[in-house]
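**Student:** Predicted model and sequence below, questions to follow.
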Amino acid sequence: MRWLLLTLLTLALQLDPAFAAPMAVAGSVPGSFITLSYHEVRDEIRDYPDPYAVDSASLVRQFAWLRGNGYSPVSLDEIIAARRGGKPLPKRAVLLTFDDAYLSFYTRVYPILREFNFPAVLAVVGRWIDNPQSELMLYGETESVHDASFATWNQLREMADSGLIELASHTYDLHRGIPANPQGNLSPAATTRAYDALNNSYEDDLTWRARVRGDLARNIEVIERNTGHRPRVMVWPYGSYNDELVHIAGELKLPVAVTLDDGTNTPDVPLTAIRRVLIEHSPTLADFVAEVQGPRNPEPVRVVQIDLDSIYSADSAQQELNLSLLLDRIEVLQPTHVYLQATTNTGGDVVTNAAYFPNRHLLLRADLFNRVSWQITTRVGARVFAVMPIRMDNMSADSVSEVYEDLARHASFSGLVFEGNSPADDADESATIKFTRQLTARVQAFRAPLQTVRSLTTEQSPICIAGELQVKKRVNTYVDSYDYVALISAPFDTTNIGLLKSLKETDLLRRTVFMLRSPVADDLARQMRHLQLGGALNFGYVPDDFLHDDPPLATMAPPMSLRVYPLKLKEQ
């Protein structure tokens with residue numbers, strides 16, 4: 001009876017115009033596919049604390065919608081064959097993945113997959129399956145669960161033998177957090193250099209590589225020994241990975257790796273970095289459809305730039321209080337991004353001579369960047385980009401590269417903002433762009449995926465016609481090498497509307513972030529309104545003096561907000 005209802009539901013959804021897929025959907029580019037990321041599936045999820053859990057009825061509705069709207073779940077074999085020039089993928093190809101190998105996958109998901117004849121990838125954490133009977137263990141970072149929460153090896157073997165389920169490695173014991181800094185933050189074990197509080201030191205490269213390589217090799221062996229199936233897919237816990245990890249996985253003959261990067265897997269996306277759509281909060285069918293089809297328009301960017309000098313204090317208690325004040329402010333502003341200064345000068349001049357992360361060449365003022373970045377990311381949900389100078393006085397290019405590399409080793413962040421004056425000479429600019437690409441590669445070895453921003457400062461206001469042409473030329477040059485250009489400008493008003501029009505006509509506007517400077521908060525808010533009326537998507541301001549509420553939070557929150565219902569602040 002249950003499957004009869006399922007079939008009727010499928011037919012109903014095929015005929016319901018409210019849920020019909022439009023012509024242009026994610027995966028419509030030939031050879032593309034989208035990947036859906038599921039976790040636990042339960043019959044009832046009310047009052048259940050896991051935000052990634054989906055109820056069984058919703059999963060059936062989602063599968064029925066996929067089938068009724070021309071989506072074709074495909075196997076990994078089909079994807080690999082298509083990439084090698086074999087049979088092309090269907091127009092709306094979908095790869096289904098389920099992380100963690102919960103018992104519910106065997107009892108609830110597997111029967112549904114068989115009914116639909118949908119293939120899927122199941123990511124297995126060996127330690128959780130191996131856990132001794134009746135022993136509680138750490139799941140993730142803070143919660144303890146019983147081993148009965150997960151499938152058994154016999155159940156995994158049965159599903160893999162069916163040919164419908166592909167078992168993947170989700171590491172043996174790296175799906176957890178480990179100490180990442182002196183303040184005690186726990187970060188993903190695969191990408192984090194473990195901090196040793198007793199010796200006030202970090203894991204070195206050789207130790208880190210040996211630890212993660214040993215773990216990946218162990219999980220391969222454990223899965224193959226217990227199921228008879230050797231995994232060929234690596235699913236990174238928390239979606240946290242880097243180029244070094246991808247290389248290690250390849251050496252261990254794991255040629256496919258799955259991330260939590262957003263987007264469609266077009267033919268240019270390597271199978272070592274498969275993107276996924278994370279299904280969470282048991283979405284309604286309408287929300288699920290929106291997730292599958294992807295955003296119709298570019299998502300706006302809102303940025304606040306923070307100077308770590310404002311947080312730093314020789315008094316650790318005061319430093320934590322400063323951080324708390326910043327987090328409270330960022331939570332109200334809700335920017336999409338925070339640009340966080342990673343270096344400083346302690347001599348009162350403009351020479352960069354110190355950093356807020358362990359490194360080989362600059363003075364360590366405080367091991368603070370990772371703490372602040374992690375707190376902003378996990379508590380507020382903003383993406384943190386490290387602001388770094390392109391050149392450092394009296395330092396060779398190799399030394400600068402090593403400083404960037406050390407930042408990536410010891411901190412968690414999502415992008416880089418390359419700060420520095422643009423050379424007047426085109427040849428010098430070409431050399432600078434080449435150098436920043438080398439710096440990006442050094443960082444990606446330990447921190448991926450990574451977006452890049454190139455800052456461009458213009459202090460003229462209004463910007464004259466010649467200035468507009470120069471700015472447009474620089475932006476046009478930079479978008480070929482960076483994800484965004486941060487245009488740091490003096491007051492922006494209606495006199496600069498020509499620049500907006502010029503950028504919009506050439507589709508450069510969506511890749512430009514206007515970073516505003518003004519001593520008057522009302523002027524900042526007015527400028528933001530001018531930018532929006534001119535069609536600008538992305539803007540923010542620099543600097544933010546959160547210790548003195550400058551600019552005032554009550555003034556800045558409304559124009560910065562992307563909320564559907566903007567927050568109404570209480571009177572101060």
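**Tutor:** Sure thing, it's come through.
**Student:** tell me the domain ranges of this structure?
**Tutor:** 33-293, 302-560 (automatic domain parsing).
**Student:** any idea of the mean pLDDT for the longest one?
**Tutor:** Within the predicted structure, the mean pLDDT of domain 33-293 is 94.
**Student:** Distance from the chain centre to it, please.
**Tutor:** Centre-to-centre, domain 33-293 and its host chain are 16 Å apart (Cα atoms, centre = their mean, to the nearest Å).
**Student:** for that domain, how far is the first residue from the last?
**Tutor:** 12 Å (Cα to Cα, to the nearest Å).
**Student:** who touches stretch 524-544?
**Tutor:** 298, 300-307, 329, 335, 337, 339, 484, 488, 491-494, 497, 500-501, 504, 509-510, 512-518, 550-551, 555-556, 558-560 (Cβ atoms under 8 Å, 6 or more residues apart in numbering). Where you see a C-beta, it was placed from the backbone N, CA and C, and this is true even at glycine.
**Student:** Make a markdown table from the domains of the chain and add mean neighbour count to it.
**Tutor:** Shown next, in a markdown table, are the domains of the chain (neighbours: other Cβ atoms under 10 Å):
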| stretch | mean neighbour count |
| --- | --- |
| domain 33-293 | 18 |
| domain 302-560 | 18 |
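**Student:** Mind giving me the packing neighbours of the helix ranked longest in the chain?
**Tutor:** In the chain, ranked by residue count with DSSP state H as the criterion, the top helix is helix 205-227. Counting contacts by 3 or more Cβ pairs under 8 Å, 6 or more residues apart in numbering; DSSP states H and E, helix 205-227 is packed against helix 126-130, helix 153-161, strand 165-169, helix 243-251.
**Student:** rewinding a little: just the ones of the contacts of stretch 524-544 in strands?
**Tutor:** With strands taken from DSSP state E, the overlap with these comprises 302-306, 337, 339, 484, 488, 512-516.
**Student:** ok, Asp307 to Thr344 distance?
**Tutor:** 8 Å (Cβ to Cβ, to the nearest Å).
**Student:** swap in Ala397?
**Tutor:** Distance, Ala397 to Thr344, using Cβ to Cβ: 21 Å.
**Student:** Repeat that for Gly239.
**Tutor:** 31 Å.
**Student:** Likewise for Tyr478?
**Tutor:** 25 Å.
**Student:** And for Met528?
**Tutor:** Relative to Thr344, and taking Cβ to Cβ, Met528 is found at 28 Å.
**Student:** What of Ala354?
**Tutor:** Counting by Cβ to Cβ, the gap from Ala354 to Thr344 is 5 Å.
**Student:** Quickly list what's touching both of those two.
**Tutor:** With Cβ under 8 Å, 6+ apart as the test, Ala354 and Thr344 both reach Arg365.
**Student:** where's Phe446, which helix or strand?
**Tutor:** Phe446 is part of no helix or strand, with elements assigned from DSSP states H and E.
**Student:** residues in contact with it?
**Tutor:** Thr191, Asn242, Asp243, Glu244, Glu405, Ala408, Arg409.
**Student:** Could you rerun that using 6 Å?
**Tutor:** Asn242, Ala408, Arg409 (Cβ atoms under 6 Å, 6 or more residues apart in numbering).
**Student:** do the same with Ala120
**Tutor:** Leu96, Phe98, Leu113, Ile165.
**Student:** One more: Ala342?
**Tutor:** Counting by Cβ under 6 Å, 6+ apart, the residues that Ala342 touches are Tyr356, Phe369, Ala386, Met388.
**Student:** so how far is Ile279 from Leu122?
**Tutor:** Taking Cβ to Cβ, one finds Leu122 at 15 Å from Ile279.
**Student:** State the mean pLDDT of the helix or strand hosting Ala386.
**Tutor:** Per DSSP H and E: Ala386 is located in strand 383-389. Mean pLDDT, strand 383-389: 97.
**Student:** Within its sheet, name the partner strands of it and how each one runs.
**Tutor:** strand 337-341 (parallel), strand 415-419 (parallel) (DSSP bridges).
**Student:** could you dump those strands to CSV with mean pLDDT?
**Tutor:** Shown next, in CSV, are the strands paired with strand 383-389 (pLDDT from 0 to 100):
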stretch, mean pLDDT
strand 337-341, 98
strand 415-419, 97
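**Student:** I'd like the ones you listed written out as a markdown table, with distance to Pro30 added.
**Tutor:** As requested, the strands paired with strand 383-389 are exported to a markdown table (distance: least, Cβ to Cβ, whole Å):
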| stretch | distance to Pro30 |
| --- | --- |
| strand 337-341 | 33 |
| strand 415-419 | 30 |
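**Student:** quick one, which of those is nearest to Gly68?
**Tutor:** strand 337-341 (38.0 Å; Cβ to Cβ).
**Student:** What is the helix or strand where Ala257 lies packed up against?
**Tutor:** If you go by DSSP H and E, Ala257 is part of strand 256-258. When contacts are defined as 3 or more Cβ pairs under 6 Å, 6 or more residues apart in numbering; DSSP states H and E, strand 256-258 sits against strand 233-235.
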